[in-house]
Each structure stands twice: as structure tokens, then as C-alpha cells.
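> Could you look at this predicted model? Sequence included:
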Amino acid sequence: MNLRTFCLLLGLSLSSGAATAQASDPGTLVERANAGDAAAQADLAVIYNDGVIVTQNFARAAEWAALAAEAGDAKAQNLLGRYLHTGLGGKRDQQQAVHWLGLAAETGDPDYLHDLANALENGADGSSDPAAAAKYYEMAAKAGHAEAAISLGVLYQEGRGVEQDHAKAKALYEGPAAEGHARAQNNLGLLYVRGQGAPQDYERAVQLFQASAAQGFSKAMRNLGVMYENGFGVPFDEERAVELYRQAGMREAGPALIYDPRLAPPPSDQAALNELQVMARAGDPVAQFQVAWLLASDVDAPFENKAAAAGLFQDAAKAGHGPSMINLGLMYFHGVGVPLDFVLGQMWVTLAAAAGQKDATTTSMEFASRMTAEQVGQAQRMAEEHAKESR
């Protein structure tokens, strides 16, 4: 099968995926929700929050969640509490956030316990109650919640809300680290570097930093750079240290673009690259994506290449290619190849979620937390209009 045939077949699979998403119409849920069905109201809140079946809209999600929360639905109570904690639903209120998150946590669900603990530790109003947070982190950790265990470990490591205890921190990190959690691996590595809660072991620390850095965790990249710069647990290598610092900086300052997992890697021989470029100029969205990815992935490339990549991602995104949508959004979020614009970034990531792109909802939530509710609302309205025009 040649490259052109493969791209055409992939285009067909992309079209069939979009049709499947459109077939899942939440209309019947709306009827039940308007009739007062709390479960339907909660489901609608989640649908609008995730933005997969419909265009993501936090304000509508918050409205449905509020109705279901008042009726006692724990899922809606948790979602409403998270909105009030982050302000994504249009209102930020620490007292109400803790109230609704607390009601949801009474079910004992470890995710809900973790969310309550997080809100107590990092209050919407700038407050912090690490002692109360530790209580709920511990309950969630005992129920197997890895993120809660790591966050509780940090409190023990730093002595916030609990008596400082490096041995307990180590014990809390070990399970998640063994399961591959990058933050736990990095934090456990620091304990071995400092000899806190465990004998000092630079080689073990390096192993942990390497495992974390391989997942793109920028703090681990920096810590690994320090090890190379000083020859701790590894041979002294200043060039490697500088490269790790550079990678960490790029990870923090620039977009970590995704590659479409359905595709083979882009061709490397010149003849195939030339054919790919011809297909991209002819308007093939998959070829446009691959050429754009090659241009944008070169961190040392001039601005003109990054701008060309953004243009190709945009052409493919307008044709409905989800990975291009999320990459274009990331470029707007970081101002790479395009002017920095969180609203346009959020619009494209929202559209990527509606197109079924994996991790788009998580990315949307991450950047929405750095925006005002007005900016998020504007982006979601723009996404709705764009979706209507594309039908």
C-alpha cells in the first residue's frame, strides 16, 4: 500500500468516527432533565463538561450540575464543587466549593475525597488548610488513589499540616512510583538524593529521575541535569546537563505536540517527503498534519517554519482532523508560530474534544484554569459557532 492510498483510507476512518459521535444525541436526556430527572441532569452536566458528544460548555455544565446537586446526586455535587473551586463555571466560591465537594466525599469515592482535599489545600480564595487536606488525602490514598498518596507524601515531606516525616513520604511515593507515576518518581528521587527517609543513593535517584523525565516531567529533567552536571550517580557530563536543562525549559515554555497514533512515523527519505509535501499542497489533511508536525517538532527551526506548521495544522483542523486541532490549540496557548491567544487555543482544543480527540478535555481543563471565566465562555461560544458552520 503506498502512502497516498494509506492516507485516503485513514481519511475514511476519520469521517466514520465523526458520524458515530453525531449519532449520540443527548436530546432524550434533555427531555428527562427538564422533567426533573436528577440522573439525567447529572449526565448532561458531564456531557457538557467533557465536550465529546456536544461542544464543551462549562457554563451549561454548571447549570445542570447545580440542579442535580440540589437533588442529591453525588457526581453532580463533585462537578459543581470543582467548578466553584476553579471558577470555570463562571463563579469562584471557596466556601460553596468545599460544601459541595464535602457532600460528594461523604460517599467515600476516592476521586471525590481527593478533590475535596485538593480544594482544602489550594483554596479558591488563596486559603490553605493542609491539616484538613491531609485527612482526606489519607482516606483517598488508603482507597488506592495514587495522586492522593503523592500529595499526602508532599505534605509529609514538607511538614505542612502534619509532622514532617520523610519515611512516611517515601512509603507514600513508592507505590505510585512503581506504577509509573512521574511526579512520585521525581519526588522519591529527591529523597534518595538528600538521604531523607532513606540512605543517600545517587544511582537510585538517577534511575527515578530518568523514568520520570522519559514521561516529559520537566522537574525531573532539571534534577537529572543537576546529577550530570555534578557527576552524582552518573559520569560527569556537562553537555548532557545543558541538553536536559534545555529540554526542561522547552517543556515548560513550549507546546508538547502530539503525533497521530494511527499513523506510521513520517517518511525520512527525500522522495517520500517530496510526495508528502505535494499531497499537503493538494489539501490532504493527513499529509498536512505530517508536514506540519515535522516543521513544528524542530525546536531550533526559524519562526517561518513554525508559522508554516501552524498554517498547515489549521488547514487540517478545518477539515476535521482532531490531532491537528489540538496541536493548533497548543501553538496558540504558547504563542509558537502564531500570536499568543488563549481564547483561540481553547476554541481549537474544545473542537478537538468534540471530534473525539484523546486527552483534549484534559488539555482544555488545564489551560482553562489559567483563563478568566469570560475568556473560557468566549472560546466555547466560538467553538459552537465553528461547529455549526462546519455541519
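Ah, there it is.

> Only C-alpha atoms from now on, for both contacts and neighbour counts.
Noted.

> Show me this protein divided up by domain.
The chain breaks down into these domains under automatic domain parsing: 25-107, 270-390.

> is it possible to export those domains to TSV including mean pLDDT, distance to Met221 and mean neighbour count?
Output for the domains of the chain, formatted as TSV (pLDDT from 0 to 100; distance: least, C-alpha to C-alpha, whole Å; neighbours: other C-alpha atoms under 10 Å):
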stretch	mean pLDDT	distance to Met221	mean neighbour count
domain 25-107	93	29	22
domain 270-390	91	17	21
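
> what would those domains look like in JSON lines with distance to Asn122?
As requested, the domains of the chain are exported to JSON lines (distance: least, C-alpha to C-alpha, whole Å):
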{"stretch": "domain 25-107", "distance to Asn122": "9"}
{"stretch": "domain 270-390", "distance to Asn122": "13"}
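
> With respect to Pro199, which of the ones you listed lies nearest?
domain 270-390 (36.8 Å; C-alpha to C-alpha).

> Now do the closest one: distance from first to last residue.
35 Å (C-alpha to C-alpha, to the nearest Å).

> Same check on stretch 224-240?
For stretch 224-240, the first and last residues are 9 Å from each other (C-alpha to C-alpha).

> For that stretch, buried residues please.
Using 16 or more other C-alpha atoms under 10 Å as the test for burial, stretch 224-240 gives Leu224, Gly225, Val226, Met227, Tyr228, Glu229, Phe232, Gly233, Glu238, Arg240.

> Helices - which of those land there?
Among the buried residues of stretch 224-240, the members falling in helices (DSSP state H) are Leu224, Gly225, Val226, Met227, Tyr228, Glu229, Glu238, Arg240.

> Please name the nearest non-neighbouring residue to the first one.
Take Leu224 and drop its neighbours on the chain: the residue closest to it by C-alpha to C-alpha, 6 or more residues apart in numbering is Phe209, 5.7 Å away.

> and that neighbour, how many neighbours?
Neighbour count for Phe209, taken as other C-alpha atoms under 10 Å: 29.

> Assign it to helix, strand or coil.
helix (DSSP: H, G, I helix; E, B strand; the rest coil).

> mind listing what Ala62 touches?
Ala45, Leu79, Leu80, Tyr83, Gly89 (C-alpha atoms under 8 Å, 6 or more residues apart in numbering).

> okay if I get the residues you listed as JSON lines plus secondary structure?
JSON lines is the format used below for the contacts of Ala62 (three-state DSSP):
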{"residue": "Ala45", "secondary structure": "helix"}
{"residue": "Leu79", "secondary structure": "helix"}
{"residue": "Leu80", "secondary structure": "helix"}
{"residue": "Tyr83", "secondary structure": "helix"}
{"residue": "Gly89", "secondary structure": "coil"}
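
> for these, which one is nearest Lys358?
Of these, the one sitting nearest to Lys358 (C-alpha to C-alpha) turns out to be Ala45, at 19.5 Å.

> Relative to Pro176, how far out is the nearest residue to that closest one once chain neighbours are set aside?
Spatial nearest neighbour of Ala45, excluding adjacent residues (C-alpha to C-alpha, 6+ apart): Ala61 at 4.0 Å. Ala61 is 32 Å from Pro176, where distance means C-alpha to C-alpha.

> just Asn118 next, same as before
For Asn118, the distance to Pro176 (C-alpha to C-alpha) stands at 18 Å.

> And those two? Which one has more around it.
Neighbour totals were compared for Asn118 and Pro176, and Asn118 leads with 24 against 21 (other C-alpha under 10 Å).

> what does the model give the closest residue to the more buried one other than its chain neighbours for pLDDT?
The spatially closest residue to Asn118, leaving aside those adjacent along the chain, is Ala133, at 6.6 Å (C-alpha to C-alpha, 6+ apart). With respect to pLDDT, Ala133 scores 98.

> ok, Ala133 to Gly161 distance?
Applying C-alpha to C-alpha, the value for Ala133 to Gly161 is 8 Å.

> ok, the two, which is more surrounded?
Ala133 (27 against 18).

> Could you check how far the more buried one is from Ala296?
41 Å.

> now Gly189
Distance from Gly189 to Ala296, by C-alpha to C-alpha: 32 Å.

> Quickly note the distance from Ala360 to Met325.
For Ala360, the distance to Met325 - C-alpha to C-alpha - is 9 Å.

> Now the common contact residues for the two.
Applying C-alpha under 8 Å, 6+ apart, one finds that Ala360 and Met325 are jointly contacted by Val349, Ala352.

> how about the helices in the stretch 51-200 of the chain?
With DSSP state H, counting those that start in this stretch as the criterion, the stretch 51-200 of the chain has helices at 58-70, 74-86, 94-105, 110-121, 130-142, 146-158, 166-178, 182-194.
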